[in-house]
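S.K.: structure for the following, please:
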Amino acid sequence: MLGGTRISEQAWQNSFVVAIGASPYAAHACIDTWLTDFRGDLPKIDVPTLLLHGDADRILPYAVTAARLPGLIKDLTVVTVEGGPHNIAWTHPDEVNEALLAFLSK
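M.R.: Numbers count the residues shown, from 1 in each chain. Have a look, this model is predicted:
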């Protein structure tokens with residue numbers, strides 16, 4: 001989707017190589033953890049928290065993940081990266097760094 005436009009072709013290929021080199025067992029076993037409901041733990045977070053999330057994330061869609069957190073975490077700063085996919089640190093580093101610096105400067 002964003003190969004060659006937001007990240008280099010080499011970075012795109014490296015990500016693919018890492019993915020296919022992952023343990024098939026671990027890749028399969030991690031799926032069960034996706035079903036764990038941690039919502040009851042979120043109100044226990046008692047430190048300032050930064051949420052950076054791309055609104056074009058097809059793995060963890062914004063509407064059913066990030067958009068639900070403001071009511072569950074007390075001191076939450078939400079930064080939505082427009083057009084950001086799942087790994088916004090690779091594809092939108094300027095936006096991510098700006099948000100991190102702003103959050104840490106509080």
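S.K.: look up phi and psi at Phe103.
M.R.: phi -70, psi -40 (degrees, to the nearest 10).
S.K.: that one: what's it in contact with?
M.R.: Applying Cβ atoms under 8 Å, 6 or more residues apart in numbering, we find Phe103 in contact with 48, 50, 77, 79. From N, CA and C alone the C-beta is placed, and that goes for glycine too.
S.K.: next: Val78.
M.R.: Here Val78 is in contact with 51, 53, 66, 69-70 (Cβ under 8 Å, 6+ apart).
S.K.: looks to me like it is in a helix.
M.R.: No: counting by DSSP: H, G, I helix; E, B strand; the rest coil, Val78 is not part of a helix but strand.
S.K.: show the pLDDT at the most far-flung residue of the chain relative to its centre.
M.R.: Within the chain, Tyr25 marks the point farthest from the mean C-alpha position, 23.2 Å out by Cα atoms, centre = their mean. With respect to pLDDT, Tyr25 scores 86.
S.K.: and if you look at Leu2?
M.R.: Reported pLDDT at Leu2 in the predicted model: 57.
S.K.: and Thr5, by the same measure?
M.R.: So, for Thr5, pLDDT stands at 71.
S.K.: list the buried residues of stretch 49-61.
M.R.: The neighbour-count check on stretch 49-61 (16 or more other Cβ atoms under 10 Å) flags 51-57 as buried.
S.K.: show me the domain layout of the chain.
M.R.: For the chain, automatic domain parsing gives the domain ranges 1-35, 37-104.
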